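1. take this sequence and fold it.
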Amino acid sequence: MSQPSVFKSRYYWAVVVAAIIAAVAMWCRRGAPRYLLDEGVVWTTSYHITYQAAHPLSDSIQAVLDAVDRSASMFNKNSLLTAINANATDSVDDIVARLMDCAARVNSKSGGAYDPTVKPLVALWGFGRDSVNAVPSRDAIDSVLAFVGMDKIELKNGHIVKSDPRGQLDFSSIAKGLACDMVADMLRRNGVENYVVEIGGEVVSRGVNPNGKPWTVSIDDPVTSTVSQSDHTPLLVVEAAGLAVATSGNYRRWRQDGSRRVSHIIDPATGNAAVSDLVSVTIIARDCMTADAWATACMAMGAERTQTLLKDVPNPAVMTVTLDSLDRRVLWSNAAFAALLH
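-> Alright, predicted model coming up:
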């Protein structure tokens, strides 16, 4: 009788071991890095984040977006920036400080073309939160220009200093870029090596896609794309893994003023809505906040100033789209951008 007992004992433990091995294998498969997608809507635009990780990081992604919203959102009446603009506080947090630092840097390098203090002018032209179809008078523009300019709002020792209390800041043009950078930073802190972060068309990527290839970014054709945010016709594709891509143009947000197409981008030098010969400009830089700022600056500068200023620089990479006399698109890029074409 001892042999069947021994046999049963060995068989029992073999089954137990096999079950444990199967359970461990299943757990490993479930915990193995895989590509995940997180998407939603923030600041009236959509976001799509694809990353390779063992577990979803949706809560951490949302925490980053919430942090930017609490600090710098123009849509949040309780944000820190709203309080700064209302002169309810002059203290800044790390997010607003980073935005101010980037704004000052690109403002200086672009000869003042990028300027987040144009918020009152944006509202005057009817492109603000409460949009109206307005064409302001020269006197009205000049009266607002009196308190617009980076020399009138500064960051000193963690505090915003205004030379005129009517001065206001609008970081809408670079807040999405910073959010992309911050989400990417969070992913890297969590060990993620392969990801693409896209918020409202601004993109940061690193590593490879699910096919093991470097991420590529499709740039919209501004001639055939329409005001519909869902209408995207590709113009060309760039390989930008490890870099950030931002595009700005007057083909989605503009208003007709007689025979002119008036852009939502304001020229801080004149106070006028830009009537730029640029249909669109795409910037590729090391971080998305900087790419955002340069894209806005270029639209204010126009094609000639943009091409002269950025022709020979290694960073940022730039591509402009203009139209010739027959409304045919004309593409120009500096060498840094041409090297990234897919």
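2. other SSEs contacting the one helix or strand Val321 maps to?
-> Secondary structure from DSSP states H and E places Val321 in strand 317-323. For strand 317-323, the packing partners by 3 or more Cβ pairs under 8 Å, 6 or more residues apart in numbering; DSSP states H and E come out as strand 280-285, helix 288-301, helix 303-310, strand 329-333, helix 335-338. From N, CA and C alone the C-beta is placed, and that goes for glycine too.
3. mind listing what's buried in it?
-> Buried residues in strand 317-323, defined by neighbour count with 16 or more other Cβ atoms under 10 Å: Ala317, Val318, Met319, Thr320, Val321, Thr322.
4. neighbours around the residue lying closest to Tyr51 once chain neighbours are set aside, how many?
-> Closest residue to Tyr51 apart from its sequence neighbours, by Cβ to Cβ, 6 or more residues apart in numbering: Tyr195 at 3.7 Å. Close neighbours of Tyr195, defined as other Cβ atoms under 10 Å, add up to 25.
5. does Tyr195 have beta-bridge partners, and which?
-> Tyr51, Arg206 (DSSP bridges).
6. touching, it and Thr50? I think so.
-> Yes - counting by Cβ atoms under 8 Å, Tyr195 touches Thr50, with 6.6 Å between them.
7. quick one, the strand holding Val321 and helix 288-301 angle?
-> 30 degrees (axes from the mean of the first three to the mean of the last three Cα atoms, to 10 degrees).
8. pairing partners for strand 317-323, with directions?
-> strand 280-285 (antiparallel), strand 329-333 (antiparallel).
9. now it: average pLDDT?
-> Average pLDDT, strand 317-323: 95.
10. same check on stretch 76-87?
-> 97.
11. figure out the length between the terminal residues of that stretch.
-> Chord length of stretch 76-87, first to last residue, is 16 Å (Cα to Cα, to the nearest Å).
12. assign Gly149 to helix, strand or coil.
-> coil (DSSP: H, G, I helix; E, B strand; the rest coil).
13. tell me, how many residues neighbour it?
-> Neighbours of Gly149 using other Cβ under 10 Å come to 18.
14. chain neighbours aside, what residue packs nearest to it?
-> Thr117 (5.9 Å).
15. closest one to Ala97 among the helices and strands packed on strand 317-323?
-> When the helices and strands packed on strand 317-323 are compared by Cβ to Cβ, helix 288-301 sits nearest Ala97, at 12.3 Å.
16. who are the packing partners of that closest one?
-> helix 94-109, helix 172-189, strand 202-206, strand 244-249, strand 280-285, helix 303-310, strand 317-323.
17. now the strands paired with strand 317-323 in a markdown table, with mean pLDDT?
-> Formatted as a markdown table, the strands paired with strand 317-323 follow (pLDDT from 0 to 100):
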| stretch | mean pLDDT |
| --- | --- |
| strand 280-285 | 96 |
| strand 329-333 | 94 |
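18. deepest-packed of those strands, please.
-> Mean neighbour count (mean count of other Cβ atoms under 10 Å) peaks for strand 280-285 among these, with a mean of 27.
19. what angle do that strand and helix 172-189 make?
-> Using the same axes, to 10 degrees: strand 280-285 against helix 172-189 is 30 degrees.
20. about what we covered before: make a markdown table from the helices and strands packed on strand 317-323 and add distance to Arg188 to it.
-> Output for the helices and strands packed on strand 317-323, formatted as a markdown table (distance: least, Cβ to Cβ, whole Å):
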| stretch | distance to Arg188 |
| --- | --- |
| strand 280-285 | 18 |
| helix 288-301 | 14 |
| helix 303-310 | 29 |
| strand 329-333 | 29 |
| helix 335-338 | 24 |
